[in-house]
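>>> Next input, structure requested:
(one chain, ligands or ions: 2)
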Amino acid sequence: MNLDAIPRERLPGLLRAMPKAELHIHIEGSLEPELIFALAQRNGVALAYPSVEALRAAYAFTDLQSFLDIYYAGASVLLKAQDFEDMAMAYFRRAKADNVVHAELFFDPQTHTARGVAFETVIGGLSRACERAQRELGISSALIMCFLRHLSEDDAFATLEQALPYRGQFIGVGLDSSERGHPPEKFARVFARCGELGLHRVAHAGEEGPPAYVWSALDVLKVERIDHGVRSTEDPLLMQRLARERMPLTVCPLSNVKLCVFETMAAHNLAALLDAGLVATVNSDDPAYFGGYMNDNFIAAFDALPQLGGRHAHRLAANSFEASFAAPDDKKRWRESLDALFAA
Ligand code: HPA
Ligand code: ZN
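Ligands and ions are numbered 1, 2, ... in the order given. Take a look at the predicted model:
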C-alpha cells in the first residue's frame with residue numbers, strides 16, 4: 001500500500017468510499033430547513049421566516065454568534081421525543097450515504113429545557129434514533145451532552161443533575177456555544193464532577209478563542225479531545241504538546257470557512273495540522289447550516305488544498321477511529337476495512 005502513489009483523480013472516490021467516524025456533529029445542527037418547516041407545522045410553532053428559501057437565504061454568517069442566533073431559533077420547532085428521533089434518523093441516513101460507520105452526537109439539552117421541553121423527551125428521542133441507527137443502518141453511535149458556555153456553571157450543574165437518571169444513555173460531556181469571553185475555567189468544577197462520574201470529557205476550544213483556551217481545556221477540564229482547536233497552530237509549544245500526547249482535534253473545514261475562521265478553504269490549516277503529526281479528524285459540525293455532511297467536508301478540503309493526498313485521506317479516517325470512544329474491537333475492525341480499501 002503506497003499511499004503516496006495514489007493518483008489525484010482517485011481521491012474523491014476514496015474519500016467517499018472510505019469508512020469513517022464522525023466525532024463532531026451537533027445533532028440540532030443537522031436540522032435541514034425542510035424539516036424545520038415540517039416540524040413547525042406539525043407542532044404549531046410560528047417561524048420568523050416565511051419559507052424554506054427565505055430561511056436558507058439567512059444562512060450568511062459573519063462569525064460564530066451570528067450562526068448561533070439562527071441555530072437556536074431553528075431548534076425551537078423540537079418539542080416531542082418523536083421530533084428528536086426524526087431529526088437524528090435523518091442525520092443517520094445521510095451519514096450512512098457517506099460511509100460513516102460510527103458517530104458521536106453532541107446534543108444541547110439546555111436549548112430545550114429552557115423552552116419547557118423535558119430532558120427525558122430530548123434524550124428519549126435521541127436514544128431511540130441511536131438504537132434504530134444500529135438496527136436499521138448498521139451505524140454505531142453514542143451521545144455526548146454539551147453544556148452551553150454562555151450560561152453559568154450553576155446552570156450546567158443543574159443540567160447534569162437532570163441528566164444523571166439517564167447516565168446510561170450518554171457517554172460524555174462537551175462544551176459548546178459562544179467561545180469568546182467564556183473560557184474553559186468557567187466550567188472547572190462541573191467538569192471535575194463529570195470526571196468523577198466516569199464521563200468522557202471534550203470541549204470546543206481554539207475555534208474563535210485563543211490557544212490559551214486549548215491549554216486550559218487540557219489542564220483544567222482534562223479533556224480527551226479538543227473540538228476545533230485550529231487556532232493551536234498559533235502556539236508552537238501547544239502544537240508540540242498536542243502531537244506528543246496524541247490529543248485529537250475534531251476539525252470542521254466547511255464550518256470554519258462559513259463562520260469566517262478562515263477566509264477561504266485554501267487558507268485552511270488542516271494539512272499543516274496533519275503534517276505536524278496531530279491526530280486531526282474531519283467532521284461536519286452543523287451540516288444543515290454549513291453546506292455539507294462528512295463527504296462534502298472531505299471533498300471541499302482536498303479540492304482546495306493540493307498538499308493533501310492519499311496518505312492524508314487514509315490518516316484522517318484512521319485518526320477518526322483512534323480518536324473515537326468506541327470499543328477497541330470495533331476500532332480494529334473499522335481500521336482493517338479502511339486498510340483493505342486502500343490496498344485494493
Ligand atoms: N461552535 C460552538 N458552538 C456550537 C457550534 C460551533 O461550531 N455548533 C453548534 N454549537
Ligand atoms: Zn461544534
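
>>> which element is the nearest residue to residue 15 once chain neighbours are set aside on?
For residue 15, ignoring the flanking residues on the chain, the nearest one in space by C-beta to C-beta, 6 or more residues apart in numbering is residue 298 at 4.3 Å. For glycine as for every other residue, the C-beta is placed from the backbone atoms N, C-alpha and C. Using DSSP states H and E, the secondary-structure element containing residue 298 is helix 294-304.

>>> Extract the C-alpha set from that helix and format it as PDB.
The C-alpha trace of helix 294-304 is given here as PDB (Å, rounded to 0.1, in the frame of the first residue of the first chain):
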ATOM      1  CA  MET A 294     -19.000  14.400   6.000                       C
ATOM      2  CA  ASN A 295     -18.000  13.700   2.500                       C
ATOM      3  CA  ASP A 296     -18.700  17.300   1.400                       C
ATOM      4  CA  ASN A 297     -16.200  18.300   4.000                       C
ATOM      5  CA  PHE A 298     -13.500  15.900   2.800                       C
ATOM      6  CA  ILE A 299     -14.000  16.700  -0.800                       C
ATOM      7  CA  ALA A 300     -14.000  20.500  -0.200                       C
ATOM      8  CA  ALA A 301     -10.800  20.300   1.800                       C
ATOM      9  CA  PHE A 302      -9.000  18.000  -0.600                       C
ATOM     10  CA  ASP A 303     -10.100  20.100  -3.600                       C
ATOM     11  CA  ALA A 304      -8.800  23.400  -2.100                       C
END
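
>>> measure residue 328 to ligand 1 for me?
Going from residue 328 to ligand 1 by C-beta to the nearest ligand atom, to the nearest Å gives 29 Å.

>>> Distance check, that residue against residue 322.
Applying C-beta to C-beta, to the nearest Å, the value for residue 328 to residue 322 is 11 Å.

>>> who has more neighbours, the two?
Taking other C-beta atoms under 10 Å, residue 328 and residue 322 do not tie; residue 322 has more neighbours (16 against 7).

>>> which bits of the stretch 151-300 of the chain sit near ligand 1?
176, 177, 204, 207, 255, 285, 286 (C-beta under 6 Å from any ligand atom).

>>> For the closest residue to residue 188 other than its chain neighbours, give me its contacts.
Leaving out its chain neighbours, the residue that sits closest to residue 188 by C-beta to C-beta, 6+ apart is residue 220, at 5.0 Å. Contacts for residue 220 (C-beta atoms under 8 Å, 6 or more residues apart in numbering) come out as 184, 185, 188, 191.

>>> Next: residue 281.
By C-beta under 8 Å, 6+ apart, the contact list for residue 281 reads 21, 23, 24, 248, 249, 250, 251, 316, 319, 320, 323.

>>> any chance of the residues you listed in JSON lines, with pLDDT too?
Formatted as JSON lines, these follow (pLDDT from 0 to 100):
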{"residue": "21", "pLDDT": "99"}
{"residue": "23", "pLDDT": "99"}
{"residue": "24", "pLDDT": "98"}
{"residue": "248", "pLDDT": "98"}
{"residue": "249", "pLDDT": "98"}
{"residue": "250", "pLDDT": "99"}
{"residue": "251", "pLDDT": "99"}
{"residue": "316", "pLDDT": "98"}
{"residue": "319", "pLDDT": "98"}
{"residue": "320", "pLDDT": "99"}
{"residue": "323", "pLDDT": "98"}
